[in-house]
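J.: show me the folded form of this:
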Amino acid sequence: MVKSMFAGVAGLRLHQQKMDVIGNNIANVNTYGYKSYSTTFQDSMYMNALNSSAGVTNNGGYGGVNASQVGYGVKLGSISANFAQGGATPTDRGLDCMIDGSGFFIVGPMKDGTGTSSVTNATMASSGLSLSRVGQFYVDSNGYLVDSQRNYVYGYPAKKTGNSGKAEDYTMPDTKTTNQANYKLEPLRIPMKANGTGKNDLYELQSYTISQDGTISGVIVGGDEANKVVTLGKIALASVENPDGLEKTVGFYYRPGDNTGTIVPQATAGGQLGDIKGGYLEMANVDLAKEFSDMITTQRGFQANSKIITVTDEMLQELVNMKR
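T.: Sure thing, here's the model as predicted:
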């Protein structure tokens with residue numbers, strides 16, 4: 001009878017943990033880029049009340065017998081993220097964007113010259129870079145592209161191919177036909193312009209747009225080049241070998257775990273990584289109908305395990321009262 005008590009307690013604990021996951025999913029139903037989580041159970045250890053034995057076919061022998069086992073309840077199987085694509089919500093902001101695919105944005109503190117080779121667990125950890133699905137970007141006072149948590153957005157800046165001191169000096173070669181090894185992954189920034197004193201100033205831009213391949217451009221305000229378009233660069237997207245191996249951190253960031261595999265930055269969107277939609281943000285992929293149905297079954301499971309404990313307690317009370 002005490003075994004049933006242990007099984008009931010284990011069931012209560014696990015159903016409460018599942019309810020915690022469901023509650024977190026529902027709480028984040030309107031969180032941009034949120035990926036829902038699901039919980040699975042698995043049965044716990046067993047005790048053999050009767051061991052199995054093979055049959056004996058010799059004269060006078062008997063047949064085999066199966067093992068009789070008693071379980072000790074339930075334990076956690078896994079809590080896994082669902083990386084399915086969330087819906088798109090329009091924002092009408094030129095610097096808002098979402099990934100229509102499986103890629104991730106690369107964001108983090110300032111670190112020049114991270115290179116274009118594969119970003120592994122070790123390099124991500126040493127550089128402090130993180131992965132994100134939320135493309136809510138801004139331009140800071142230094143002209144750098146940052147997200148809402150002040151992390152720099154990494155990509156491939158436009159190259160200065162001329163010396164005229166004009167906006168057309170900055171071009172973005174076709175990354176589909178150009179060797180990606182020529183690109184250097186670094187924080188994106190507004191290009192510089194000559195001010196006639198031997199120094200360079202940042203262009204003053206407005207009306208930013210992000211194209212389908214991740215190219216960011218802005219319209220120049222004032223001066224001789226007013227209303228001209230200048231290219232900042234391309235937002236890098238990272239492909240992750242095993243997204244389920246990513247570990248969630250504070251906010252909307254992910255960091256590679258020991259089972260994530262290789263993370264590779266790409267110089268252009270498209271393909272399996274997906275295209276970039278400017279003026280949109282990705283909604284949470286929480287299915288409220290599923291969450292509420294899971295809540296009901298979890299509540300009933302909790303009640304059933306609670307009843308096991310109550311009935312076991314009553315049986316123990318009857319046993320104690322036998323002496324009276």
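
J.: tell me the mean pLDDT over the lengthiest helix in the chain?
T.: Across the chain, the longest stretch assigned as helix under DSSP state H is helix 288-320. Across helix 288-320, pLDDT averages out at 94.

J.: now that helix: buried residues?
T.: 291, 294-295, 298, 301-302, 305, 308-309, 312 (16 or more other Cβ atoms under 10 Å). The C-beta positions use only the backbone N, C-alpha and C, and glycine is treated the same way.

J.: now render those residues as TSV, adding distance to Asn59.
T.: What follows is the buried residues of helix 288-320, written out as TSV (distance: Cβ to Cβ, whole Å):
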residue	distance to Asn59
Glu291	64
Asp294	58
Met295	62
Thr298	57
Gly301	52
Phe302	56
Asn305	51
Ile308	48
Ile309	52
Thr312	48
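
J.: what about the stretch 201-324 of the chain, any weak spots by pLDDT?
T.: Within the stretch 201-324 of the chain, the stretches with pLDDT under 70 are 269-270, 324.

J.: doesn't Ile284 belong to a helix?
T.: That one is not Ile; residue 284 is Ala. No. Read with DSSP: H, G, I helix; E, B strand; the rest coil, Ala284 is coil and lies in no helix.

J.: check contacts around it.
T.: When the contact criterion is Cβ atoms under 8 Å, 6 or more residues apart in numbering, the partners of Ala284 are 28-36, 86.

J.: make it 7 Å
T.: Neighbour list for Ala284: 28-31, 34, 86 [criterion: Cβ atoms under 7 Å, 6 or more residues apart in numbering].

J.: now for the buried residues of helix 288-320, which pair is the farthest apart?
T.: Glu291 and Thr312 (31.5 Å; Cβ to Cβ).

J.: relative to Val240, how far out is the residue nearest the centre of the chain?
T.: Central residue of the chain (Cα atoms, centre = their mean): Tyr254, 5.3 Å from the mean position. Tyr254 is 8 Å from Val240, where distance means Cβ to Cβ, to the nearest Å.

J.: shared neighbours, these two?
T.: By the contact definition Cβ under 7 Å, 6+ apart, Tyr254 and Val240 are jointly contacted by Leu246.

J.: coming back round to it: most neighbours among the contacts of Ala284, which one is it?
T.: Per-residue neighbour counts (other Cβ atoms under 10 Å) across these peak at Tyr34, which has 23 neighbours.

J.: what residues does that one make contact with?
T.: So Tyr34 contacts 28, 284, 286 (Cβ under 7 Å, 6+ apart).

J.: at 10 Å instead, please
T.: 24-25, 27-28, 81, 86, 133-134, 248, 252, 282-286 (Cβ atoms under 10 Å, 6 or more residues apart in numbering).

J.: A strand includes it, no?
T.: No. Going by three-state DSSP, the assignment for Tyr34 is coil, not a strand.

J.: just grab the bridge partners of Lys193 for me.
T.: Asp201 (DSSP bridges).

J.: what's the burial count for it?
T.: 21.

J.: surely it meets Glu225?
T.: Yes. Checked against Cβ atoms under 10 Å, the pair Lys193 and Glu225 is within contact range at 7.7 Å.

J.: joint contacts of those two?
T.: Joint contacts of Lys193 and Glu225 (Cβ under 10 Å, 6+ apart) are 165-167, 203.
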